[in-house]
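>>> Fold the following.
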Amino acid sequence: MIKGTFKLTGLDEYLERVQQAGNDIVAVAAEAVEESVKPVHAEIKAWAQKHKDTGAVLGGVIEPIAKIEGNYITAEAGISGTGGSWEAVFVEYGKPGQSADPGIRPAFEKAKTNVPKIQKEVLKKRGVPIV
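Numbering: from 1, shown residues only. All right, here's what the predicted structure looks like:
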């Protein structure tokens, strides 16, 4: 059997520093999440704009609004699938006679490394001590 010990110290001091920053940490965290999704949203919206034959795909682009549910803060990016926006799947993956023009997957891939950076910037800007 392999055993190990993990000791975490400094949480009380960190919490005190957060409280001293004077911010509502939930609102600040929600802002950080929302801001970090905006680049993905912008990429998807630009992609949908290129394919706006009917405007349905563009109309289905999800606005990145942070949602707080218990201890979880989320913000969505993508295409809602409502109305005719479900047709985005044919643009993304192609269909017989129409080659694929991926936009959603590349948007997420491109933003992957920037999401934590953006969140960290927002938290710092709002006075949350980042270690």
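
>>> Name the residues that touch stretch 104-122?
Applying C-beta atoms under 8 Å, 6 or more residues apart in numbering, the contact partners of stretch 104-122 are 28, 31-33, 35-37, 39-40, 43-44, 47, 77-79, 88, 92, 130. (C-beta placed from N, C-alpha, C; glycine too.)

>>> So which of those belong to helices?
28, 31-33, 35-37, 39-40, 43-44, 47, 88, 92 (DSSP state H).

>>> Drop anything exposed from the contacts of stretch 104-122.
Buried residues within the contacts of stretch 104-122, defined by neighbour count using 16 or more other C-beta atoms under 10 Å: 28, 31-33, 35-37, 39-40, 43-44, 47, 77-79, 88, 92.

>>> Can you tell me how far residue 52 is from residue 46?
According to C-beta to C-beta, to the nearest Å, residue 52 and residue 46 sit 11 Å apart.

>>> what residues are up against the residue nearest in space to the middle of the chain?
Centroid check for the chain by C-alpha atoms, centre = their mean gives residue 37 as the closest residue, at 3.0 Å. Neighbour list for residue 37: 64, 75, 76, 77, 115 [criterion: C-beta under 8 Å, 6+ apart].
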